[in-house]
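> how would this look folded up:
(chains A, B, C and D)
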Protein chains: 2
Amino acid sequence: MACDILLPGRILYFFPTGHKVISMPHTATKVGRPRQFDEAAVLGAAMEQFWAHGFHATSLTDLTTVTGLHKGSLYGAFGDKHALLLATLRHYSKVRRAKVDDDLASHESPLESIGVYLKRMAREASAQSHGRGCFISNTALEMLPGDPQVAAIVTEHRHAIQNALAGTLDRARAIGELKNTHSSSELARFIYTVSAGMWERGRSSSDEEQLLNTAELALSTL
Amino acid sequence: MACDILLPGRILYFFPTGHKVISMPHTATKVGRPRQFDEAAVLGAAMEQFWAHGFHATSLTDLTTVTGLHKGSLYGAFGDKHALLLATLRHYSKVRRAKVDDDLASHESPLESIGVYLKRMAREASAQSHGRGCFISNTALEMLPGDPQVAAIVTEHRHAIQNALAGTLDRARAIGELKNTHSSSELARFIYTVSAGMWERGRSSSDEEQLLNTAELALSTL
DNA sequence: CGACTTTTGTTCCATTCGGTCAAAAATTCG
DNA sequence: CGAATTTTTGACCGAATGGAACAAAAGTCG
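Coordinates of the predicted model:
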């Protein structure tokens, strides 16, 4: 069983056996024509598109429009449409987790930090801001079940968020801020669930105040 | 401004003004070839398809496969793909609301009834059962913002559920079952939010027990 | 400089898409 | 029966799709 690395890359040669030689872009050597675009910017633009319209409703033409790249470049750099989706998901997850960590360390008081997190979720969920909820959450709803690669990213992201929340809850419990006696992991799942629910509500309701209200209600139960 | 009813129906005649004469199927007269399919069954099959794969990932060919009808029949009976989606959404909403009402009247104790509701949401959200969550909620995430007709159905459905919950909470408060002092409508929105969040979790996690745990946690805060 | 390597921009292609149409079939009404 | 009406059927349409191929361009390296 030879190497069957799929993407991204350009097919250089087909063995008679059916196996392929693929050039991996952006590796080691500096020889060859250099990239003329900012990879992060392109990834961001593609993400915005997928985020706003979903995977199936986004065409390659849409992607070339928002990224400014042509099909060939997109294909060569990231692989096919689905591989590009995975890349944007990983990109989002990284950025997102950093932001969550920021929120959860924003105050001396762990519980107050969780409040910051929840309120930001509510505000971002509202249609008044952009009303698109969480990119990963949306993609999960569109692609799952049925897409193992997306599933892996989604599951890992969710666990990362829940672990960050659980850790913060542990700190709160340690200093006696927590009145709720449920385990930190249970409470973390609960908080994540409320966030996800607010994202859904934000899709069809632009009432930010009601979402913030729900966030505070959830916070008050801890 | 003449009648501009759009669908479903077959265009019989175009006025020179641009207006159309449309025959409304399944009305009054009994003349003509009778339907050879069960409308409700077809609606159900189409709903299953949309529910499992979403709107954009479902092709007309998929729909003809699962319903057994040909394109022409589908078009004649329900209109185009989008109109069929709306029909399945309305169908689902009707069935769903009846089931919710059942849950909320299942016990003498209003609070216990809400527990029944929440636990069923958790169980249905889990991938162990079907893991597809709520059809309307999924469609909202895929189509909104940007689809006013879907938005109207989603909003109405959500309000109906929230009103049913709020009414049940009122009854609970009246007999002193409620310890939480927040308003019934706030608590109803909270419960709905937790449900929606569990649906999202169920997409990538099959752990029914953890979902039930969250349901009970939410219930205990009332 | 000239061989080599990678990106870029364009073109092409087979397939699939949602939707339309006209004729055949099935029924009621006169 | 025959006219009228509706549904069914299957062929058909133009447009758009995702992806592949390829020559030109733009660099590096010996």
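> Where does residue A:206 sit: helix, strand or coil?
At residue A:206 the chain is in coil, as set by DSSP: H, G, I helix; E, B strand; the rest coil.
> Report the separation between it and residue A:130.
Using CB to CB, to the nearest Å, residue A:206 is found at 11 Å from residue A:130. C-beta here means a position set from N, CA and C on the backbone, and glycine is covered the same way.
> Please report how far residue A:214 lies from residue B:186.
With CB to CB as the criterion, residue A:214 and residue B:186 are 7 Å apart.
> no wait, residue A:48
Residue A:48 is 33 Å from residue B:186, by CB to CB.
> how much space between residue A:222 and chain B?
According to CB to the nearest CB, to the nearest Å, residue A:222 and chain B sit 10 Å apart.
> give me every residue that touches that residue.
A:111, A:114, A:169, A:172, A:178, A:179, A:180, A:187 (CB atoms under 8 Å, 6 or more residues apart in numbering or on different chains).
> That one and residue B:30, how far apart?
For residue A:222, the distance to residue B:30 equals 64 Å [CB to CB].
> Any buried residues in stretch A:85-97, and which?
By neighbour count on 16 or more other CB atoms under 10 Å in any protein chain shown, the buried set for stretch A:85-97 is A:85, A:86, A:87, A:88, A:89, A:91, A:92, A:93, A:96.
> quick one: is the longest helix along chain A near DNA strand D?
When chain A is parsed with DSSP state H, its longest helix is helix A:148-174. No: under the criterion of CB under 7 Å from any atom of the strand, helix A:148-174 makes no contact with DNA strand D; the nearest approach is 13.2 Å.
> which other helices and strands contact that helix?
Counting contacts by 3 or more CB pairs under 8 Å, 6 or more residues apart in numbering or on different chains; DSSP states H and E, helix A:148-174 is packed against helix A:81-104, helix A:110-125, helix A:135-143, helix A:184-204, helix B:184-204.
> Can you mark which positions in that helix are buried?
Result for helix A:148-174 [16+ other CB under 10 Å]: buried residues A:150-151, A:153-154, A:157-158, A:161-162, A:164-166, A:168-173.
> what does stretch A:54-70 give?
Neighbour-count burial for stretch A:54-70 [16+ other CB under 10 Å]: A:54, A:55, A:56, A:57, A:58, A:63, A:66, A:67, A:69.
> same deal with stretch A:197-211?
A:197, A:198, A:199, A:200, A:201, A:202, A:203, A:204, A:205, A:208, A:210, A:211.
> ok now it, how far from the chain's centre?
Here stretch A:197-211 is found 19 Å from its chain centre; the criterion is CA atoms, centre = their mean, to the nearest Å.
> Over to stretch A:87-94?
With CA atoms, centre = their mean, you get 5 Å for stretch A:87-94.
> same deal with stretch A:42-62?
For stretch A:42-62, the distance to the chain centre is 13 Å (CA atoms, centre = their mean).
> follow-up on the earlier one: quick check, nearest of the buried residues of stretch A:54-70 to DNA strand C?
residue A:69 (6.2 Å; CB to the nearest atom of the strand).
> Torsion angles phi and psi at the closest one?
phi -90, psi 160 (degrees, to the nearest 10).
> who are the neighbours in contact with it?
Residue A:69 makes contacts with A:37, A:42, A:63, A:77, as judged by CB under 8 Å, 6+ apart.
> wait, is the second one part of a strand?
No: secondary structure assignment (three-state DSSP) places residue A:42 in helix, not in a strand.
> pLDDT on stretch A:105-114, on average?
Confidence over stretch A:105-114 (mean pLDDT, whole number) is 97.
> Taking the contacts of residue A:69, please make a ChimeraX selection of just the buried ones.
Buried members of the contacts of residue A:69, defined by 16+ other CB under 10 Å, are picked up in ChimeraX with:
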select /A:42,63,77
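> ok, and which of the contacts of residue A:69 reach DNA strand C?
Applying CB under 7 Å from any atom of the strand to the contacts of residue A:69, those adjacent to DNA strand C are A:37, A:77.
> Can you report how many residues neighbour residue A:140?
Residue A:140: 27 surrounding residues under other CB atoms under 10 Å in any protein chain shown.
> And the contacts of stretch A:154-162?
By CB under 8 Å, 6+ apart, stretch A:154-162 touches A:89, A:93, A:96-97, A:100, A:136, A:139-140, A:144, A:185, A:188-189, A:192, B:201, B:203-205.
> now it, how far from the chain's geometric center?
10 Å.
> Poorly predicted segments of chain A, please.
A:1-30, A:127, A:129 (pLDDT under 70).
> Just the buried ones from the contacts of residue A:222?
Here, 16+ other CB under 10 Å leaves A:111, A:114, A:169, A:172, A:178, A:180, A:187 buried among the contacts of residue A:222.
> and these, which two are the farthest apart?
A:114 and A:180 (11.8 Å; CB to CB).
> Can you tell me the closest non-neighbouring residue to residue A:92?
residue A:135 (4.8 Å; CB to CB, 6 or more residues apart in numbering or on different chains).
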